[in-house]
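>>> Sharing a sequence plus its predicted fold:
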Amino acid sequence: MKKFHAYAKLLRLPGLGGLAIPPVFGAISIGIYDFYSLAILFAIGIFATIFGFVLNDYADVELDSLVEELKGKPLVSGAVSRKSAVAIVVISVILSFLFVAILFKGKEIDELRFASIVTISMAGILGTIYNLYGKKIIASDFMVALSMAFIFLFGALSFSKPSLLTWIIFLLTFDQTLHMNAIEGGIKDADHDFIMGVKNIALASGVKVEKGFIHIPWHFKAFGMSIRIFSAILIFIPFLYGLRYEIWQLAILLILIFAVLYLEIKLLSMKRFDRKKIRKNISLTAFMRYSIVPIMLVSMVGEIAIFLAFFPIIWYVIFAPLTGVKLFQPEM
């Protein structure tokens, strides 16, 4: 059972409900609603996500072994072998493109579908560069953010020309991934990244932990808040250009935005370094962020949007026990 838990952790099984769904939203943004196509896109998103996270863990295993708190990670502890991790990475790539082939079966590879194949390939290349060399490149977070945005864009290009809504969600995906890596990740790991010789935006900005207290410079706080505010503005642009909406829909979006901004202020204003609280903050914010795009799409998919808004947390509740970790006690 411990071996099973280790593999579930390595694959980030509980988080796949939110992490793998971007290509599904890409397709919905240009009017694709059939379950078969969306299910295949979700499968592609799953294998692409597994590829990225397992490769990252494989690349960082020696550095992670230097930090006491990270010695419980599956590859560091030896619960999963490095050879197994490499096999998972290779199989994930194969399955990703196998499902792409299934998605395009019987269809002409026109300019848009060719562009979609190039896009998902670029996502893989950028993700690989980030995972293998990102800790030595300041601002490599932009690469992984672009990689995730490309996976979203793949879902749209697979069927039709991207719309304004597509490009807005593309920017949102980029923005949120950049924040997750550069801001949230930079703060969460500030106590040991410098030990590992990591070069990132947080450390370059002067974020540091000393004697249990964390110092976050004003310019790093401004960077984090600017990302969040830019995202908040992006959310309402489609409605200004014709996307139908209900008043209750805008009200929910405003509540979610203010909740995310509140949690952002709490994160950036913290004084004492507490990784457990930081993890909970990040997880709660993530579930709120996952709900925003489905709520934006209510006029397009109707009641299904409500299901999509809750899908990541439902998935988490179902699969988190398989990792052997208590609910809402994330290990990152």
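Good, I have the coordinates.
>>> Starting from the strand or helix carrying residue 42, tell me the next helix or strand along the chain.
Counting by DSSP states H and E, the element that carries residue 42 is helix 35-64. Note on helix 35-64: by DSSP H and E, the next helix or strand toward the C-terminus is helix 74-77.
>>> Run through who's touching that following helix.
6-7, 9-10, 57-58, 61, 64-65, 70-71, 80-82, 85 (Cβ atoms under 8 Å, 6 or more residues apart in numbering). (Each C-beta comes from the backbone N, C-alpha and C, glycine too.)
>>> Name the residues of it that are buried.
Within helix 74-77, the residues that count as buried by 16 or more other Cβ atoms under 10 Å are 74-76.
>>> and what of stretch 150-164?
Per 16+ other Cβ under 10 Å, stretch 150-164 contains these buried residues: 150-159, 162-163.
>>> mind putting those residues in a markdown table, pLDDT, secondary structure and distance to residue 229 included?
Listed next are the buried residues of stretch 150-164 as a markdown table, based on pLDDT from 0 to 100; DSSP: H, G, I helix; E, B strand; the rest coil; distance: Cβ to Cβ, whole Å:
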| residue | pLDDT | secondary structure | distance to residue 229 |
| --- | --- | --- | --- |
| 150 | 98 | helix | 24 |
| 151 | 97 | helix | 25 |
| 152 | 97 | helix | 21 |
| 153 | 98 | helix | 24 |
| 154 | 98 | helix | 28 |
| 155 | 97 | helix | 27 |
| 156 | 97 | helix | 26 |
| 157 | 97 | helix | 29 |
| 158 | 97 | coil | 32 |
| 159 | 96 | coil | 32 |
| 162 | 96 | coil | 24 |
| 163 | 95 | coil | 24 |
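>>> how about JSON lines for the residues you listed, with distance to residue 46 added?
Output for the buried residues of stretch 150-164, formatted as JSON lines (distance: Cβ to Cβ, whole Å):
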{"residue": "150", "distance to residue 46": "16"}
{"residue": "151", "distance to residue 46": "11"}
{"residue": "152", "distance to residue 46": "14"}
{"residue": "153", "distance to residue 46": "18"}
{"residue": "154", "distance to residue 46": "14"}
{"residue": "155", "distance to residue 46": "13"}
{"residue": "156", "distance to residue 46": "18"}
{"residue": "157", "distance to residue 46": "19"}
{"residue": "158", "distance to residue 46": "16"}
{"residue": "159", "distance to residue 46": "19"}
{"residue": "162", "distance to residue 46": "23"}
{"residue": "163", "distance to residue 46": "25"}
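>>> Of the residues you listed, just say which sits nearest to residue 92.
For those, the residue nearest residue 92 by Cβ to Cβ is residue 151; the value is 12.9 Å.
>>> Give me the buried positions along stretch 171-191.
For stretch 171-191, using 16+ other Cβ under 10 Å, the buried residues are 172-191.
>>> Distance from that stretch to the middle of the chain?
Here stretch 171-191 is found 9 Å from its chain centre; the criterion is Cα atoms, centre = their mean, to the nearest Å.
>>> Kindly report the same for stretch 306-321.
15 Å.
>>> What lies in contact with that stretch?
8, 13-18, 21, 286-287, 290-291, 294-295, 297-298, 301, 327.
>>> redo that, cut-off 6 Å
13-14, 17-18, 287, 290-291, 294-295, 327 (Cβ atoms under 6 Å, 6 or more residues apart in numbering).
>>> Buried residues in it, which are they?
For stretch 306-321, using 16+ other Cβ under 10 Å, the buried residues are 308-309, 311-313, 315-316, 319-320.
>>> Using CSV, write out every CA atom in that stretch.
What follows is stretch 306-321, C-alpha atoms only, in CSV (Å, rounded to 0.1, in the frame of the first residue of the first chain):
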residue,chain,number,x,y,z
ILE,A,306,-21.3,24.6,-12.3
PHE,A,307,-20.1,21.0,-12.5
LEU,A,308,-16.8,22.1,-14.1
ALA,A,309,-16.4,24.7,-11.3
PHE,A,310,-16.6,22.0,-8.6
PHE,A,311,-14.9,19.2,-10.6
PRO,A,312,-11.3,19.9,-9.4
ILE,A,313,-12.4,19.7,-5.7
ILE,A,314,-14.6,16.7,-6.3
TRP,A,315,-11.7,14.9,-8.0
TYR,A,316,-9.4,15.9,-5.1
VAL,A,317,-11.8,14.6,-2.5
ILE,A,318,-12.1,11.3,-4.4
PHE,A,319,-8.4,10.7,-5.1
ALA,A,320,-6.5,12.4,-2.2
PRO,A,321,-7.1,9.4,0.1
